[in-house]
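**Q** Please work out how this folds:
(4 chains)
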There are 4 protein chains.
Amino acid sequence: MADRNIRVHAADRVAVEDQEVEIVERKGIGHPDSICDGIAESVSRALADLYQDRVGQVLHYNTDETQLVAGSADTEYGGGEILEPIYILIVGRATKNYREVVHRDGERETKIRRLPVESTAVRAAKDYLNEILPELEVGTDVILDVKLGEGSGDLVNVFGDDEDESAGGEADAAGESDAAPEIPMANDTSFGVGHAPLTDLERIVKEAEGRLNGEYAADHPELGPDVKIMGKREGDNIDITVAAAMIDRHLDGLDDYRAAVEDVREFVASVADEHTDRTVSVDVNTADEFPEDGEPSIYLTTTGTSAEQGDDGSVGRGNRANGLITPNRPMSMEATSGKNPVNHIGKIYNLLSDEIAREVVAEVDGIRDLRIRVLSQIGRPIDQPHVAEADVVTEDGVALDEIQGEIREIIDRKLADVTSVTEAAIHGDITTF
Amino acid sequence: MADRNIRVHAADRVAVEDQEVEIVERKGIGHPDSICDGIAESVSRALADLYQDRVGQVLHYNTDETQLVAGSADTEYGGGEILEPIYILIVGRATKNYREVVHRDGERETKIRRLPVESTAVRAAKDYLNEILPELEVGTDVILDVKLGEGSGDLVNVFGDDEDESAGGEADAAGESDAAPEIPMANDTSFGVGHAPLTDLERIVKEAEGRLNGEYAADHPELGPDVKIMGKREGDNIDITVAAAMIDRHLDGLDDYRAAVEDVREFVASVADEHTDRTVSVDVNTADEFPEDGEPSIYLTTTGTSAEQGDDGSVGRGNRANGLITPNRPMSMEATSGKNPVNHIGKIYNLLSDEIAREVVAEVDGIRDLRIRVLSQIGRPIDQPHVAEADVVTEDGVALDEIQGEIREIIDRKLADVTSVTEAAIHGDITTF
Amino acid sequence: MADRNIRVHAADRVAVEDQEVEIVERKGIGHPDSICDGIAESVSRALADLYQDRVGQVLHYNTDETQLVAGSADTEYGGGEILEPIYILIVGRATKNYREVVHRDGERETKIRRLPVESTAVRAAKDYLNEILPELEVGTDVILDVKLGEGSGDLVNVFGDDEDESAGGEADAAGESDAAPEIPMANDTSFGVGHAPLTDLERIVKEAEGRLNGEYAADHPELGPDVKIMGKREGDNIDITVAAAMIDRHLDGLDDYRAAVEDVREFVASVADEHTDRTVSVDVNTADEFPEDGEPSIYLTTTGTSAEQGDDGSVGRGNRANGLITPNRPMSMEATSGKNPVNHIGKIYNLLSDEIAREVVAEVDGIRDLRIRVLSQIGRPIDQPHVAEADVVTEDGVALDEIQGEIREIIDRKLADVTSVTEAAIHGDITTF
Amino acid sequence: MADRNIRVHAADRVAVEDQEVEIVERKGIGHPDSICDGIAESVSRALADLYQDRVGQVLHYNTDETQLVAGSADTEYGGGEILEPIYILIVGRATKNYREVVHRDGERETKIRRLPVESTAVRAAKDYLNEILPELEVGTDVILDVKLGEGSGDLVNVFGDDEDESAGGEADAAGESDAAPEIPMANDTSFGVGHAPLTDLERIVKEAEGRLNGEYAADHPELGPDVKIMGKREGDNIDITVAAAMIDRHLDGLDDYRAAVEDVREFVASVADEHTDRTVSVDVNTADEFPEDGEPSIYLTTTGTSAEQGDDGSVGRGNRANGLITPNRPMSMEATSGKNPVNHIGKIYNLLSDEIAREVVAEVDGIRDLRIRVLSQIGRPIDQPHVAEADVVTEDGVALDEIQGEIREIIDRKLADVTSVTEAAIHGDITTF
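**A** The predicted structure follows:
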């Protein structure tokens, strides 16, 4: 096997942490775009499981499209109601049929078998929604619909139980033998990008959302999962703007609402304090209006997501694979969520680059800012990218050549183990948005 | 009030019971067309409740259209699976907004209020499906979708709480005062038709389905609710053909299936015996094929309805308002299920005619066959039909003029009480298919 | 071949023409239910053509479900506009794949071929709509959607070109050889019913709609195709009620509208005069309201159909196979439109019964009222029904036994030629609604 | 008016042109994602026109979501066919009703008026598809569906014709007077980013697609509009990879196809030569496979887009506002296409930043790489951003302070004129993808 084309070079830029203006955003798990990302990835995992379970191998699919059409709701302190259900259309391609080949008494018999891809997709989406948006009842508050086409290509042969072969079907797909974990070929020219370490601002934004939707929400049922956090840093001044959907059922009135907003503000401020020494100001629900005369206009919901009232969503429009939108850093436009983790090179390299960056920074001292970029080469095994490059800003006093070898070695090791990214994605051990 | 135009005359035909050939059919509650009928009527009832609850009066709506698109399934003894979900589209018109008028400090304030008609419709459909098809999971095995348009016409004013009026909104709809139960005007030329008593064949067909889906299914979980019964009588020979969807999860194999089919046959035969002295033969699942070589083709399902695999359905295509399809009798083409029971004259007169017929036969002796037909007159109160006519075949030895007065009196009484049909429909005390 | 079971007997009822009260209705071609019937039948014909063209034989399909969801429109003299498009969902089952078997160099090769059933269905529906509703633009005023599932069953083998066989695929479907026009087997217990001659009232209703939508509309572009005619006869008094959708683009104002309504009234009255000596009164658009103060409420449309504003529709809810709704006569609930004319026995027998009745009355003198009923027998060839019966009311002075033989002979001849009904349906030489 | 917060500073990075590795991509107008972008923007423009035309002002809307579900096709030299239509769902929010206020005889009368937003949206999409994909027939090859919800908020008052006011309604929206072009307030924290000049690689990629879909396609009908171009530069070596959908109707066979592919290659190579002195290699349809035994797998289509067969698409997943995907440059995740250009600050600032960057570079000499970033400030007029910053890499020998003033002046001028971006977007004078 040829040496991998790995380049490690000094960055011709300053670290993002040291740039004058920095912007970071995260759409929380209940945001309409994130709902779609989450559904798409859940569907992807469920299909991968289905194929492995039934056929012994992940067949062709791609489910990186989900369209959410907002519903409408009538909120009211103490509990409002959904007027029109949210409509979610799961879209993609998935192999629905395969040709089972059985040898019986020396005869080769074939039979076309169907796979429950639609019902598997819908069930995965329902389970996911139940988990992240327990206030929403699937089938009434949300209509889940599905349109999965079948890709082109002939039927795959799958060998079934017979005298000659052991149990468990195994697909006879193009270019793949029955032997140990094969390295798939890259089927597209694509790239992935990852960064580490996170800046103060990135950590604040990411962690604030995570903890709001974790420990905080556990104690504060009035906070819905649709939390959107925008961070802006100018020099050493950090502004955090939070849009937090409050749930009417858990609030008694406007005072209660305002107290809930203030609680979120304080919580986020305290999270921020843990991550930076810079000056931080936090604003929550800045679009609220309290006119002297007339009804206040506030961010109140019945189910905890703006999808209930007017905010549509789709896949790949929000967070990148590392959970953040970071205009100060190169980003891939690729929608990572929902793609097939076995052969979609954009997904694999984005997840891999992120993992490499984090691992390098964890193991190697002296790195202030690291960008990993991996480019595929059509038709070559995916552990042999066209190039994998590390763009490094070292800490003051650290020379790149002191750590270059170490970095290269980690990249090489991670590339050799590229299929573990696929496994992690299938098992849900890795997040994609 | 003018006298009602009621005519009672002798039939110039023989009783259906005495005709040479008679055909009767009933599609059971799990048949795709019946599923649609049932959903449409459930949605109708839920909307009527909603309007009464929120506005104090049933606003304009009509939900007599539901389209079911069959899914696909892979059956297997012990438990198969749904491959593609069934898709059900609830269609109709329903008032979504009203203008609430409140008098505050002598000022008239108006506000447009929205009503949760879509979510109410979907919830009603879901509840109904859960009740009749417990094996089907709504949201995964079945996708429930909804398209309810709003009819034309200006917004209705609804008077809300204020100093001058008591609680409970009340609509200011055209032509209706706030006083006691008004008789609505007929808004269409339409008619209803009803018959009594049921013939032997009709009773067998209706009761067999009812008891199969009742006491029998309670003891025989392998029987699904999609039971279709076709009855044919030639002279004194009755043939009953049953198509009964069996549920794979409760069957161990082909022998089990055949035993289940035979059980149904025996049960239906015993029901038939209770209702006739004629010769009865019963066949179940006659379309089954058991070729010498090759797979048997049987009526096996995963969920108990043929909607899971290839049988689409819609409203108004199956049973008439009395639960039967009776080509020997005049029938209305009107889809009774789903229509607004307050002002849809076709629905009201069909239900009313059926009720009149049954009541007359229950109270008046000597009737062998009775047909009631009620014709509306556009623009007149619905208790003043254009004509209500009774077409009577008397028992041998009974002269029509002995009972004519009694019949007329019952018809008159029932017409006077026509709004009780509306109430019964709203409360679900009356079946429509 | 056994003799056919044909019975001809005297009716134990009076002719419909002589009954005291008669009701007849026809929904014109532009009525939402008729639009659905017409689309379903057009799709059926197009699929039958497709299969014959590609495979040499009509494969399994059934497209007797189409759901129309009304749009909304804003009418205005001189030309209004559609606000929300009408939505039409074509639903059914159709074989999408077949297995082509070619013998090449003595080897048997098979290949799965796909058929454009969805695009064929949508195109057929579009062409049909363009024909009957030229004011509607498909794709903007009307959204045509399609959900065609595939029935169960194994793939059909179709033999392609090779050395041994002549051009033109031919399907190797179960139970069918390659030989001349086979008589299919009845696959269900079903029946068809037909009547002749039409009564005065039936002829008036049917012809009035036909000529309004023909010669009259040609000269009166303001009349839309959604014409619904209700006829009622009491003794010798006939009331015809017409609901006629007027098209705003061709009208200058209310006076113009009223003149157009009056024109329709006069035309229908003149048609009626041609068909009866009874007293006829005609009313058009009786639901119109012209309040002293306030806007008139009239039947004005932008496109000529009530589907543009609030009237939903579906298949099989309107006219029976003979184009009429006739509660005085036995009717089949079967939706004739859209069904497969090769093997759907309900469709075939309804069309056949109607044809037999008309032919008998055309050829045999002395019949005042004839009802033909044909019952299928599962598993027997469709030219061998369980029973075909003629129920005859003779003219005064005619004895049934004078004409019984003739009637029987015609029935026998038509049954022998049953497949010509299939052909006529495929070629569109026969109407179904 | 306070001075605008404009900062011009030297970049702490090297120009993209001078970076070692550069990646650029453009999805052509026929790519599924671009189709969605184009539809969304067409719908947006049509709605803006509608509102201006009817109400004198652009009301609230947002149509930045369109979901394309791929169809399936059966290609064949000389002309294949669509099997399943492409399904496109237009999604968004749009104001459908307004309250018209007319003063008549001193009395204030109000009436709720409806706007044809759905039919306007569908028509705009249809027209757009007809323009860019003439081989596709809307309504048969493509099903266009629409789900536009209405945002929350009370009805807007629009003043109609009366004695006191001139013709042309004018909306009485919150915060807006009847006076001259108002500067809207920013309603969100968002930012836009723009770059100039384009690098060699960017110009090649952008121009190659533009000219392939322009002059080249005019002469080469076999080339479909779904052209995707990926450019990669390592040092001075440029690789251009083109995926070009060929149209079967215009090709006679495989040789023809290969010649067509070679023609595209040569054309792109010649375009590239016009834009760079670097070494360029061009590959077209690299995923094609020509196995020794077996069918070739090539990029052949019936309609010129991969949407016909398996490639789904949605808005905002492809090109950024400048028509390119440029991972070497900061990008906004905002979907520019389909957003309301009057008040969606992300759209406005992205388009504005791009325009500023181009204009600065056109007017000011000595700039090697310029990045413009504009940040909004919630609640302030959009011509007063929180900050507008220029990040400048000067040409060798040019000092930033020589040109700083000029740059600042252009930025200030363009900000003052920010509403012209809105106008340009509404008129379609500006591209968004």
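
**Q** and the nearest residue to A:Asn322 once chain neighbours are set aside, how many neighbours does it have?
**A** Sequence neighbours aside, A:Asp354 is the residue nearest to A:Asn322 in space, at 5.0 Å (criterion: Cβ to Cβ, 6 or more residues apart in numbering or on different chains). C-beta here means a position set from N, CA and C on the backbone, and glycine is covered the same way. Residues near A:Asp354, counting by other Cβ atoms under 10 Å in any protein chain shown, number 25.

**Q** residue contacts, A:Asp354?
**A** Counting by Cβ atoms under 8 Å, 6 or more residues apart in numbering or on different chains, A:Asp354 makes contact with A:192, A:194-195, A:321-322, A:372.

**Q** go with 7 Å
**A** A:194, A:321-322 (Cβ atoms under 7 Å, 6 or more residues apart in numbering or on different chains).

**Q** just checking, A:Gly92 touches A:Val146?
**A** No - judged on Cβ atoms under 7 Å, A:Gly92 makes no contact with A:Val146 at a distance of 8.8 Å.

**Q** With the flanking residues excluded, which residue is spatially nearest to A:Ser353?
**A** A:Gly194 is the one closest to A:Ser353 (Cβ to Cβ, 6+ apart), at 3.3 Å.

**Q** Please point out which parts of stretch A:56-69 sit buried.
**A** Buried residues in stretch A:56-69, counted by 16 or more other Cβ atoms under 10 Å in any protein chain shown: A:57-69.

**Q** Those residues also near chain D: which ones?
**A** Contacts with chain D within the buried residues of stretch A:56-69, counted by Cβ under 7 Å from any Cβ of the partner chain: A:65, A:67, A:69.

**Q** from the residues you listed, which are also near chain C?
**A** Near chain C, by the rule Cβ under 7 Å from any Cβ, you find none of these.

**Q** Including pLDDT, secondary structure and distance to chain B, could the residues you listed go into a markdown table?
**A** Output for these, formatted as a markdown table (pLDDT from 0 to 100; DSSP: H, G, I helix; E, B strand; the rest coil; distance: Cβ to the nearest Cβ, whole Å):
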| residue | pLDDT | secondary structure | distance to chain B |
| --- | --- | --- | --- |
| A:Glu65 | 96 | strand | 17 |
| A:Gln67 | 98 | strand | 14 |
| A:Val69 | 98 | strand | 11 |
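
**Q** And these, which is closest to A:Arg45?
**A** A:Glu65 (15.9 Å; Cβ to Cβ).

**Q** coming back round to it: just the buried residues from the contacts of A:Asp354, in PyMOL please.
**A** A single PyMOL command selects the buried members of the contacts of A:Asp354 (16+ other Cβ under 10 Å):
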select buried, chain A and resi 194+321+322
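
**Q** circling back: relative to chain C, which of the ones next to chain D among the buried residues of stretch A:56-69 is nearest.
**A** Using Cβ to the nearest Cβ, A:Val69 comes nearest to chain C of those, at 14.7 Å.

**Q** Return the distance of the spatially closest residue to A:Asp311 that is not a sequence neighbour relative to D:Thr199.
**A** Closest residue to A:Asp311 apart from its sequence neighbours, by Cβ to Cβ, 6+ apart: A:Pro32 at 4.8 Å. Distance of A:Pro32 to D:Thr199, computed by Cβ to Cβ, to the nearest Å: 35 Å.

**Q** ok, now A:Phe290?
**A** From A:Phe290 to D:Thr199 the distance is 49 Å (Cβ to Cβ).

**Q** same deal with A:Leu136?
**A** With Cβ to Cβ as the criterion, A:Leu136 and D:Thr199 are 47 Å apart.

**Q** partners of the helix or strand where the residue nearest to A:Ser353 lies in the sheet?
**A** Taking DSSP states H and E as the definition, one finds A:Gly194 inside strand A:191-196. In the sheet, strand A:191-196 lines up against strand A:367-375 (antiparallel) (DSSP bridges).

**Q** Need the mean per-residue confidence for the following helix or strand past the partner strand.
**A** As assigned by DSSP H and E, the chain's next helix or strand after strand A:367-375 is strand A:387-394. Looking at strand A:387-394 alone, the average pLDDT works out to 95.

**Q** Any buried residues in stretch A:25-39, and which?
**A** Neighbour-count burial for stretch A:25-39 [16+ other Cβ under 10 Å]: A:25-39.

**Q** same thing with stretch A:70-79?
**A** A:70-75.

**Q** and it with chain B, contact?
**A** Yes - in terms of Cβ under 7 Å from any Cβ, part of stretch A:70-79 sits within range of chain B, namely A:Asp74.

**Q** Distance from the chain centre to that stretch, please.
**A** 28 Å (Cα atoms, centre = their mean, to the nearest Å).

**Q** In strands, which of the buried residues of stretch A:56-69 appear?
**A** A:61-69 (DSSP state E).

**Q** Report how many residues lie close to the residue of the stretch 151-300 of chain A found nearest chain B.
**A** The stretch 151-300 of chain A approaches chain B most closely through A:Glu295 (10.6 Å), counting by Cβ to the nearest Cβ. Look at A:Glu295: counted by other Cβ under 10 Å, it has 9 neighbours.

**Q** same question, A:Asp12
**A** By other Cβ under 10 Å, neighbour count at A:Asp12 equals 14.

**Q** next one: phi and psi at it?
**A** For A:Asp12, the backbone dihedrals (degrees, to the nearest 10) come out as phi -100, psi 50.

**Q** swap in A:Arg93?
**A** The phi/psi pair for A:Arg93 (degrees, to the nearest 10) is phi -120, psi 140.

**Q** Have a look at A:Phe290 and D:Thr199 and say which one is more surrounded.
**A** D:Thr199 (25 against 11).

**Q** Could I get the contacting residues of the closest residue to that one other than its chain neighbours?
**A** Among residues not flanking D:Thr199 along the chain, D:Glu17 sits closest, at 4.6 Å (Cβ to Cβ, 6+ apart). Residues in contact with D:Glu17 (Cβ under 7 Å, 6+ apart) are D:199-200, D:368-369.
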